[in-house]
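> kindly generate the corresponding structure for this input.
(2 chains)
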Amino acid sequence: MADLIALTPCDGLLPLTIGSLTLTEDLPAAMTSIAPYTGQDDALSAALQAEHGMAFPSIGRSTGKAGGRAIWFGQGVALLQGVVAAPALAEFAALTDQSDAWAVVRLDGIGAEDVLARLVPADLRSPAFKRGHTVRTELAHMQASITRIGAQAFQVMVFRSMARTLVHDLKVAMAAVTARGDI
Amino acid sequence: MRVAGKGLLAGAKPVTFSFNGRHLVGLEGDTLASALLANGVHLVARSFKYHRPRGILTAGSEEPNALVTIGSGAQSDPNIRATSQEIFEGLEARSQNCWPSVEHDIQAVNDLASPFLGAGFYYKTFMWPAKFWEKIYEPIIRRAAGLGALSGQADPDPCEKAYAFCDLLVIGSGPAGLMAALTAARAGADVILAEEDASMGGRLLGEVEQIDDMSGVDWVAQVLAELESLDNVRLMPRTAITGAYDQGTYGALERVGHHQPRRADLPRECFWRIVAKRAVLAAGAIERPIAFKNNDRPGIMTASAVRSYLNRWGVAPGQRVTLFVNNDQAHDTARDLVQAGVHVAMVVDSRHDAPDSDLYPVMKGAQVCDTGGRKRIDSITVRSVQGEERIQTDCLAMSGGWNPTLHLTCHLNGRPQWNRDISSFVPTPGTVPGLTCAGACNGEFSTIGALREGAEAASQALEDLGVKASKPDLPTAGDAPYNITALWAVTGKGRAWLDFQNDVTVKDVKQAAAENFRSVEHMKRYTTQGMATDQGKNSNVAALAVLADATGRGIPETGTTTFRPPFAPVSIAAMGAGAAGAGFKPQRFLTSHLASKELGAPAIEVGLWYRSSYFPTAGESNWRQSCDREVGLVREAVGICDVSTLGKIDIQGPDAAKLLDLVYTNTFSTLKLGRVRYGLMLRDDGFVMDDGTTARLGDTHYVMTTTTAAAGQVMAHLEFVQQVMRPEWDVQITSVTEQWAQFAIAGPKSRELLNGILGDQIDDASWPFMACGTVDVLGVSGRLFRISFSGEMAYELAVPARFGDALFRELLQRAKTLKGGAYGMEALNVLRIEKGFLTHAELNGTVTAFDLGMQGMVSKKKDCIGKPLSSRPGLMAEDRERLVGLKPIGAVKQLTAGAHLFNPDDPVERIYDQGYVTSAGFSPTLGHSIALGFLKNGPDRIGEEVRMVDHMRGIDALCEVVNPVFFDREGGRARG
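Numbering: from 1, shown residues only, chains lettered A, B, ... in the order given. Take a look at the predicted model:
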């Protein structure tokens, strides 16, 4: 019997380099949304700490590190990225697999803030938006999650089905920012 | 002509450009206006209505006359002010709306017809014969009027949009703005300094002034150097703040690439949305012309413009200059000209107490009452107590005083207030929350006053923001008082221009008043004064002063019209950047998209999604052939369709079943593990919102599906229930539409196909109709649902989306071996219409469960959202338009969605309307067209005839009313 071949959301679209900016697919090995049940916030956070070494993030923040990170993802929900969610967490929270639901890209380089300024109506500049800060916002009419993961690096997420639009819009913005460099 | 030793362009590179095909040379840093004047070109345009010769009036973005088109073909930009356009090597500029040339324009004949073309002329002349208006007069008038023209082709070069944030937005970089920016920047605040011009410095660049012990120009350079060195300062030249909006949001237009040759990668413009905690308006003031007979000739300019051309660009606009002024400051023009070696023939000052001068002759208490020289001014006529005399001149510099540039302060519905001392309107404080005004735009016309107000405004803003700051030391600067005696218009016969761009004269305003358009709002619309692209910047105050005088009122009593964004013209391309073509909305693609494209399937847009319409095979040239075949292969073999677009919502938690019982009309708390149920959902007002199926995958774990169209709406609805209506319930909802790629496998051979790929074999007993659960699909964990939208035995198979492409290809290949294949939206629709299944064509937001014949699905044993209002008497009446099927029985066989239904004997008129058709198509299964629709008393009229009339397509078909389920009414095929 044939095995099914897996494709990533940005298959065929990336990587991309324009000027000093790079755009790459940065898909975590797994993604799970974690929504604590009523009254279970502390218990869930403790379990998350015990199982995965990080607490439940507060609003607009993330915990953990590259390879195993939990980012705030909306009211009462966090997204665990990089590791498969331990079944023990299910006692305290609704776990929903999101591993295939999102296109996840990494925008890196000098001017990354300016690129996102063309698409995102939120202030993503340092020092206000530090490493580990995250925001649910829109990116050019697509709902998005944006996290600063490096000095000039951002993790940008939109629905999987919109991967092509995401790459296109980022590419246009990267080119526009780079073109200003020599006027 | 250039004046040696003057201007700030020393050592600049020469630049070749063309104007109306003529090659000229300017200097880098010239605007098109300064370069034309340097080359002795004064006739630049023709006026809007009368096609009178016009020249450059100003040196700023308020320029009303010198509008040109830059570039050619698809890359042309019309209505560009020559005063704002910087020249670059190879720039092409052309005059507008003149033929054959600006020098000789046939339509100048309109000037002779001016008695027939006054205010409101199209209500009075060109009225007879009536039918001539639409076909003859109006097209001619429309062609004759106007300024620039669009090319009619899409411009290939991009624009962009962007967002910015700051603590303090400083609008304008003259002395007030620079001082404000410096004060805030040194305190560490996050500052944006926006300047419309290419260079920062405001009026200091055009004047001969001292600040401290250096020139104004050197002081500007020093301040800019400090601002540039600070990380917390963002300088935005070439950026006009176009509008003040709510909560500190400002719109701005940055001219990114207009000063360079076009490039495919560089945006031409950027439309900014800037969110500022505080703002300082330091936009300066605009000098007023004076209205007198023939005050619109080329060579007549504002006095400050003459100073700017001389001091900033080193250009003298004439060699025998005269002035007509009513204030002291305008005399600086004469002083600067004489000191630069340019002859000043006379300064005509309307005030009897005008100051004397050793440098130039002054006539006091005198007025210019006429000018001569059609294509360039060659004389002025001066009237005084002595009588009238003519003076030869090639440039007249006029000044009626200054109007503070306060437009932004009115954008949130504020109005300015009249200040008698300076004969100007000044801003009313607080009309834009968080914005304070400083300097000339606040009515403070001295340089030291501007510096002081800028520093104070910034200090106040810093205090509001809780930022500690020390007050900066103010430099020494000019403190000359502003002496003015108002003069709006010189009395006399002959047209005196107020609004140059829309060709409105004093006579027009007086005529409006005479015809009883006494309100300034009416005068504006009746005469069109202030309605051109310069938005009346050069004429508003004078026009209302003339109106006040004509109606016997004071200026404050007459009031002003308001100002709305944008302050300066903004191209639609900039505001809509990124949205051209496919960029208009995000595109959502299925995992099966590439494979479908390879098969040549055209896509249709369903909301943001692209879904395959049909899959043509060799020999098929028309979509109907494919559709008919695909319907057949589902009914007889097996069809594969990507149904991933339907909303999928994961619901978990102890109160999940309660949530389902509340939102669905029927009961879901009785749904067993491993089963799916069809459900109907109502809005609060009792009308149907959506339908779908919900599957129970665990004790407290459900997955709800919605229609594609309503996925977002239902998700928002569930969130509202969870957060607002029942916050005490313990339930979580998560969208998983994107997580799963889901395919319909439909037809008598569907189980056979599935058993070829499932880890464990299924049969009717182990997987009955409406069963669901987890399955192994070629080594991948997936979900299987036995549900049918086609009416055949059918399943939906879901795998994590990463496997969607591979699974789709695999399914197609296997279907082919069973004589089946892919089917698209056309066939999907025919199949479901044959079965009387519903989509949002029927669930159109105006129907109830009763209308659909689904009243039985509203459980009597429990409450649900929408139930109370759904049982209002009017919503249960038998004669409501209710769901029926239709089939053609006359000569015309075509049925169309959107057509209306009538009794065969009634007139086909609105009041006899009996209902309408919602879905229609040809049924290959039955061999004729079928349709669903809503008909008064529908189900009670089965067997009757109705007449279907499609007014739009011209189709008139006699139909029989039938049961909406056309095929397999017992539903045995799905359950087999």
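
> close enough to count as contact, B:Pro586 and A:Arg164?
No - the criterion here is C-beta atoms under 8 Å, and B:Pro586 misses it with A:Arg164 at 9.0 Å. (Glycine included, C-beta is placed from N, CA and C.)

> between the two, which has more neighbouring residues?
More crowded of B:Pro586 and A:Arg164, by other C-beta atoms under 10 Å in any protein chain shown: B:Pro586, with 21 against 18.

> pull the contacting residues for residue 108.
I went with chain A, as the question did not name one. The contact partners of A:Asp108, taken as C-beta atoms under 8 Å, 6 or more residues apart in numbering or on different chains, are A:21-24, A:150, A:152-154.

> wait, chain B was what I had in mind.
B:46, B:50-53.

> drop anything exposed from the residues you listed.
Neighbour-count burial (16 or more other C-beta atoms under 10 Å in any protein chain shown) applied to the contacts of B:Ala108 gives B:46, B:50-53.

> turn those residues into TSV, including pLDDT, distance to B:Val275 and secondary structure.
Shown next, in TSV, are the buried ones among the contacts of B:Ala108 (pLDDT from 0 to 100; distance: C-beta to C-beta, whole Å; DSSP: H, G, I helix; E, B strand; the rest coil):
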residue	pLDDT	distance to B:Val275	secondary structure
B:Arg46	93	43	strand
B:Tyr50	90	45	coil
B:His51	91	45	coil
B:Arg52	94	45	coil
B:Pro53	95	46	strand
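
> mind listing the strands for chain A?
A:16-18, A:21-25, A:31-36, A:62-65, A:68-74, A:77-81, A:93-97, A:102-108, A:134-139, A:142-150, A:153-159 (DSSP state E).

> closest one to B:Cys772 among those strands?
strand A:93-97 (17.0 Å; C-beta to C-beta).

> which outside residues touch the closest one?
Counting by C-beta under 8 Å, 6+ apart, A:30-37, A:40, A:44, A:85, A:89, B:650, B:652-653, B:732, B:734, B:736, B:739, B:800 sit against strand A:93-97.

> gap between it and the chain center?
18 Å (C-alpha atoms, centre = their mean, to the nearest Å).

> and the angle for that strand with strand A:31-36?
Strand A:93-97 and strand A:31-36 meet at an angle of 160 degrees, taking axes from the mean of the first three to the mean of the last three C-alpha atoms, to 10 degrees as the criterion.

> in strand A:93-97, what's buried?
Buried residues in strand A:93-97 (16+ other C-beta under 10 Å): A:93-97.

> in its sheet, what does that strand sit against?
The strands beside strand A:93-97 in its sheet (DSSP bridges) come out as strand A:31-36 (antiparallel).

> what mean pLDDT does the strand it pairs with have?
Averaging pLDDT along strand A:31-36 yields 98.

> likewise for stretch B:321-335?
Averaged over stretch B:321-335, pLDDT sits at 97.

> can I see the domain layout of chain B?
By the assignment in automatic domain parsing, chain B contains the domains B:1-154, B:160-285+B:404-464, B:287-401+B:483-558, B:588-645+B:739-832, B:647-735, B:878-975.

> which among those is found nearest to B:Gly856?
domain B:647-735 (9.0 Å).

> first-to-last residue distance for the closest one?
8 Å (C-alpha to C-alpha, to the nearest Å).

> hmm, that domain in reach of chain A?
Yes - counting by C-beta under 8 Å from any C-beta of the partner chain, chain A has neighbours in domain B:647-735: B:650, B:652-654, B:723, B:728, B:730, B:732, B:734-735.

> before we move on, what about stretch B:157-164?
Yes - Stretch B:157-164 lies within reach of chain A by C-beta under 8 Å from any C-beta, at B:158, B:160-164.

> give me the buried subset of those residues.
B:158, B:160-164.

> turn those into JSON lines, including secondary structure and pLDDT.
Output for these, formatted as JSON lines (DSSP: H, G, I helix; E, B strand; the rest coil; pLDDT from 0 to 100):
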{"residue": "B:Pro158", "secondary structure": "coil", "pLDDT": "92"}
{"residue": "B:Glu160", "secondary structure": "strand", "pLDDT": "97"}
{"residue": "B:Lys161", "secondary structure": "strand", "pLDDT": "97"}
{"residue": "B:Ala162", "secondary structure": "strand", "pLDDT": "98"}
{"residue": "B:Tyr163", "secondary structure": "strand", "pLDDT": "98"}
{"residue": "B:Ala164", "secondary structure": "strand", "pLDDT": "98"}
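
> hmm, who's touching the helix or strand of chain A with the lowest mean pLDDT?
For chain A, counting by mean pLDDT, DSSP states H and E, strand A:62-65 ranks last in confidence among helices and strands (a mean of 94). Identification of contacts with strand A:62-65 by C-beta under 8 Å, 6+ apart yields A:52-57, A:69-72, A:82, A:132-134, A:147.

> nearest to A:Thr17, out of those residues: which one, please.
A:Thr147 (21.5 Å).

> among the buried ones among the residues of stretch B:157-164 next to chain A, which pair sits farthest apart?
Maximum distance among those (C-beta to C-beta): 19.0 Å, for B:Pro158 and B:Ala164.

> which phi and psi does the residue in chain B sticking out farthest from the centre have?
The outermost residue of chain B, judged against the average C-alpha position, is B:Ala765 (59.6 Å), by C-alpha atoms, centre = their mean. Backbone geometry at B:Ala765, expressed as degrees, to the nearest 10, gives phi -80, psi -50.

> tell me the confidence at it?
On the pLDDT scale, B:Ala765 is placed at 96.

> what subset of the contacts of strand A:62-65 is buried?
A:52, A:54-57, A:69-72, A:82, A:132-134, A:147.

> okay if I get those as CSV plus distance to chain B and pLDDT?
Output for the buried ones among the contacts of strand A:62-65, formatted as CSV (distance: C-beta to the nearest C-beta, whole Å; pLDDT from 0 to 100):
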residue, distance to chain B, pLDDT
A:His52, 19, 97
A:Met54, 20, 97
A:Ala55, 19, 97
A:Phe56, 14, 98
A:Pro57, 17, 98
A:Arg69, 19, 97
A:Ala70, 16, 98
A:Ile71, 15, 98
A:Trp72, 15, 98
A:Gly82, 16, 97
A:Gly132, 20, 97
A:His133, 15, 98
A:Thr134, 18, 98
A:Thr147, 18, 98
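
> which outside residues touch the longest helix along chain A?
Longest helix in chain A by number of residues (criterion: DSSP state H): helix A:163-180. For helix A:163-180, the external contacting residues (C-beta under 8 Å, 6+ apart) are A:9-10, A:13-14, A:16, A:18-21, A:23, A:103, A:105, A:107, A:111, A:114-116, A:118-119, A:139-140, A:142, A:156, A:158, B:158, B:160, B:256, B:263, B:265-267, B:578, B:583, B:586-587, B:589.

> what number of residues lie near residue 41?
No chain in the question, so chain A it is. Applying other C-beta under 10 Å, I find that A:Asp41 has 14 neighbouring residues.

> chain B is the one I meant
Neighbours of B:Val41 (other C-beta under 10 Å): 21.
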